[in-house]
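Trainee: next one to model:
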Amino acid sequence: MSKLLLLPTPPLTTSIHRFNTSSSASALQFQCRFSLSLLSRLHHSPTSFRSLVRRTRDLPLRAFDSSSDANSEEKEEVKENEEGVDNRSGSRIADEDYPSGQFDFEPVTGWRSFLVKLKMLVAFPWERVQKGSVLTMKLRGQISDQVKSRFSPGLSLPQICENFLKAAYDPRISGIYLHIDSLNCGWGKVEEIRRHILDFKKSGKFVLAYVPLCQEKEYYLASACEEIYAPPSAYFSLFGLTVQASFLKGVLDNIGIEPQVERIGKYKSAGDQLARRTMSEENCEMLTTLLDNIYTNWLDKVSSAKGKTREDIENFINEGVYQVDKLKEEGLISNINYDDEITAMLKERLGVKSDKDLRMVDYRKYSRVRKWTVGIPGGKELIAIIRASGSISRVESQFSVSSSGIIAEKFIEKIRTVRESKKFKAAIIRIDSPGGDALASDLMWREIRLLAASKPVIASMSDVAASGGYYMAMGADVIVAESLTLTGSIGVVTGKFNLGKLYEKIGFNKEIISRGRYAELLAAEQRPFRPDEAELFAKSAQHAYKQFRDKAASSRSMTVEKMEEFAQGRVWTGKDAALRGLVDAIGGLSRAIAIAKMKADIPQDRQVTLVEISRASPSLPEILLGVGSSLVGADRTAKELLQGLTFSDGVQARMDGIKFQTLEEYPFGNPILSIIKDILSSL
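Mentor: Numbering: from 1, shown residues only. Sure thing, here's the model as predicted:
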């Protein structure tokens, strides 16, 4: 199922359980179609963009975004929203009118403390932790928004956040020691983890960060810790952020492939990498705005954490400092130490003899400790969490990797399970998706609307909830996003490849016998569209866009004309989307939970139990298949590429590749680049 992102949840008010259904993770296909990469090693320049080859596909219809910052009416609307007035109805429903879900640490004392100790005595063996232990977590690589089983490799955001919460109350845990390395996730997840670090500090326990490799995302997390350490040879590259867009049209022209793309909306960049050689002015404007928002947020949060002015941090970045000792001089790190030296320091701090080992418990083991064991019980009221992560598909294809993406028919089963059950007081749809299949997105939207008719439904956005991801969110009563969530992208794009010249070059021939005027519309890839076919194709895209836009307008209580200003394929950060009425509140899962309690008439101080509506545990064949795929990395890459290059049935709404990544990781996040790299290395 989709991935779960746990934002700081109120202490002692929630408990998380899993509710297995026969359905598996959903697979999204309303996707956003352009790529952004934050290349921290390059000198920051909001207007500098480089090529980064992106995943090519037979462009199914994809979602569009719109915007009109230059439009005076939009500026007036933004002003109204900043004042907290809902321009849609004239009533005041500003962000501050929703409960914040802020974490308040309440020490466990007296009788409750005795009960916690008793529970620990009867806990399962795998939940046993020695008193005075240090929780260690290595935050590196990809971080899933999905709750993972013990057989699944990698990091899970929900489990990371839950570990922070448990450790705050666990009397056996003295503090947390974080190893922060190269991260490969969006800013929404980074913001979530950072919030949990700050919440953990309210317990009075220490939290240290060790950063052998540090760029902007890694330092953003580390800056929330009390102390930051780095080895003398650490790689620091706090040089700023960049955004990139790549274009394949020149390559495709050389090999005889002609992409025929139909897009709606001036900001819809999906397909640009195939149909253009350079970035459009509108796309440049949109990407620059996104980059400025992220960069400004980074400067503000880091300067506040380190007690410096924003100008101080920006000047430091513009100096191009990479020496670790310079970082120490400026107070950006606490000291220069190796890992073993930090361990020795912790032993001394905790009163451990030098000849004894420091008691440590790692992330994976501690994830098996139940919240009940450390005195965080659940309540009688149940709130369902349904996760939707990845690309949207209507049905599972033969190339689909198990548990990847959002499969609409399986997601719908989860929705109906919650709707038909009387035990759930509310539901939270947790979305981390760039979109995908438009039909699938619409079917899921319908089921979410039906669910919302029977009980409160809150949409909680993670890194990205755009195009089809936003389509899903529209069905909820309230939409909550992180300030840097990438969302919107209301629109569609579609297309096909004309492979005629390529076929001539390689001596391939294809002939078609058909009946019906438009029978060859999608079947004849050996020739371009006829004029009447191109007209029909364009009308189909326009029809899909209008459906998306009009439903967005209705769900947000806007006129179609007003929604058109914010649609046209434009991608917004969560903060900007909130100012335009596309999002209701800024925050993470904890705030979504608080709002769900409010909508369900549950007092904010009352405990609730969160029930994960997850897919069933993986079977042994699936586990073995996963191991095989990890050993033969090309297997999964090839399947994803084949699936991406296959023309999907119907219209799609996508916002592909809106990601900010580091210099080291960006080439390997794209299947085409991976394959090209492998081919070149074999020559």
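
Trainee: in this structure residue 576 contacts residue 294, no?
Mentor: No - Residue 576 sits out of contact with residue 294 when judged by Cβ atoms under 8 Å, with a separation of 11.4 Å. All C-beta spots, glycine's among them, are computed from the backbone N, C-alpha and C.

Trainee: residue 367 contacts residue 158, correct?
Mentor: No - using Cβ under 8 Å, residue 367 makes no contact with residue 158, being 9.6 Å away.

Trainee: so between these two, which is more surrounded?
Mentor: The residue with more neighbours, out of residue 367 and residue 158 and counting by other Cβ atoms under 10 Å, is residue 158; that gives 26 against 19.

Trainee: tell me the SS of that one?
Mentor: Using DSSP: H, G, I helix; E, B strand; the rest coil, the secondary structure recorded for residue 158 is helix.

Trainee: could you list the low-confidence segments of the stretch 501-650 of the chain?
Mentor: 615-650 (pLDDT under 70).

Trainee: Provide the secondary structure category for residue 544.
Mentor: When the structure is split into helix, strand and coil by three-state DSSP, residue 544 lands in helix.

Trainee: do you know how far it is from residue 262?
Mentor: Distance check for residue 544 against residue 262: by Cβ to Cβ, to the nearest Å, it reads 10 Å.

Trainee: between the two, tell me which one has more neighbours.
Mentor: The neighbour comparison of residue 544 against residue 262 (other Cβ under 10 Å) goes to residue 544, with 26 against 21.

Trainee: ok, for residue 249, nearest residue in space, not its chain neighbours?
Mentor: residue 277 (5.0 Å; Cβ to Cβ, 6 or more residues apart in numbering).

Trainee: could you double-check that that neighbour sits in contact with residue 247?
Mentor: Yes - under the criterion of Cβ under 8 Å, residue 277 lies in contact with residue 247, with a separation of 5.3 Å.

Trainee: who has more neighbours out of those two?
Mentor: Set side by side, residue 277 and residue 247 show more neighbours around residue 247, with 19 against 11, by other Cβ under 10 Å.

Trainee: contact partners of the helix or strand that residue 118 is a member of?
Mentor: Per DSSP states H and E: residue 118 is located in helix 110-121. With Cβ atoms under 8 Å, 6 or more residues apart in numbering as the test, helix 110-121 has contacts from 108, 127-128, 169, 171-172, 372-375.

Trainee: rewinding a little: now do the SS call for the residue nearest to residue 249.
Mentor: Per three-state DSSP, the local secondary structure of residue 277 is coil.

Trainee: so how far is stretch 502-522 from its chain's centroid?
Mentor: Centroid separation between stretch 502-522 and its chain, computed with Cα atoms, centre = their mean, to the nearest Å, is 40 Å.

Trainee: could you do stretch 212-230 as well?
Mentor: Between the centre of stretch 212-230 and the centre of its host chain there is 21 Å, according to Cα atoms, centre = their mean.

Trainee: one more: stretch 254-262?
Mentor: Using Cα atoms, centre = their mean, the offset of stretch 254-262 from its chain centre is 31 Å.

Trainee: mind checking pLDDT for the residue positioned nearest the centre of the chain?
Mentor: Against the mean C-alpha coordinate of the chain, by Cα atoms, centre = their mean, the closest residue is residue 463 at 2.5 Å. pLDDT recorded at residue 463 is 94.

Trainee: now do residue 670
Mentor: With respect to pLDDT, residue 670 has a value of 45.

Trainee: same question for the one 10 residues further on.
Mentor: Looking at residue 680, its pLDDT is 39.

Trainee: how about stretch 172-186: buried residues?
Mentor: By neighbour count with 16 or more other Cβ atoms under 10 Å, stretch 172-186 contains the buried residues 172-180, 182-186.

Trainee: now render these as CSV, adding distance to residue 219, pLDDT and secondary structure.
Mentor: Putting the buried residues of stretch 172-186 into CSV (distance: Cβ to Cβ, whole Å; pLDDT from 0 to 100; DSSP: H, G, I helix; E, B strand; the rest coil) gives the following:
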residue, distance to residue 219, pLDDT, secondary structure
172, 30, 94, coil
173, 25, 96, strand
174, 25, 96, strand
175, 21, 97, strand
176, 18, 98, strand
177, 17, 98, strand
178, 12, 97, strand
179, 14, 97, strand
180, 8, 97, strand
182, 12, 93, strand
183, 11, 94, strand
184, 16, 91, strand
185, 15, 92, coil
186, 16, 92, coil
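
Trainee: burial check on residue 318, number of neighbours?
Mentor: When neighbours are counted by other Cβ under 10 Å, residue 318 comes out with 12.

Trainee: meant to ask about residue 335
Mentor: The burial count assigned to residue 335 is 13, neighbours taken as other Cβ under 10 Å.

Trainee: same question, residue 538
Mentor: Applying other Cβ under 10 Å, we find 15 residues neighbouring residue 538.

Trainee: excluding chain neighbours, what is closest to it?
Mentor: The shortest distance from residue 538 to any residue other than its chain neighbours is 5.2 Å, reached at residue 262 (Cβ to Cβ, 6+ apart).

Trainee: and for residue 572?
Mentor: In space, residue 572 comes closest to residue 488 once its chain neighbours are excluded; the distance is 4.2 Å by Cβ to Cβ, 6+ apart.

Trainee: any stretches of the stretch 301-450 of the chain with poor pLDDT?
Mentor: Low-confidence regions of the stretch 301-450 of the chain, defined by pLDDT under 70, span residues 397-404.

Trainee: to clarify, my last question referred to the stretch 1-150 of the chain.
Mentor: With pLDDT under 70 as the threshold, the stretch 1-150 of the chain has low-confidence stretches at 1-94.

Trainee: quick one: the strands in the stretch 251-400 of the chain?
Mentor: Secondary structure of the stretch 251-400 of the chain, counting by DSSP state E, counting those that start in this stretch: strands at 258-263, 335-336, 360-362, 381-393.

Trainee: now do the second one: distance to the chain's middle.
Mentor: When distances are taken as Cα atoms, centre = their mean, strand 335-336 is centred 33 Å away from the chain's centroid.

Trainee: list the contacts of it.
Mentor: The set of residues that contact strand 335-336 without belonging to it, under Cβ under 8 Å, 6+ apart, is 227, 229-232, 324-325, 328.

Trainee: kindly recompute the last result at 6 Å.
Mentor: Strand 335-336 is touched from outside by 229, 232, 324, 328, with contacts defined as Cβ atoms under 6 Å, 6 or more residues apart in numbering.

Trainee: surely the residue nearest to residue 249 touches residue 252?
Mentor: No - Residue 277 is not in contact with residue 252 according to Cβ atoms under 6 Å; the separation is 10.3 Å.

Trainee: buried residues in the helix holding residue 118?
Mentor: Neighbour counts over helix 110-121 (16+ other Cβ under 10 Å) mark 116, 119-120 as buried.
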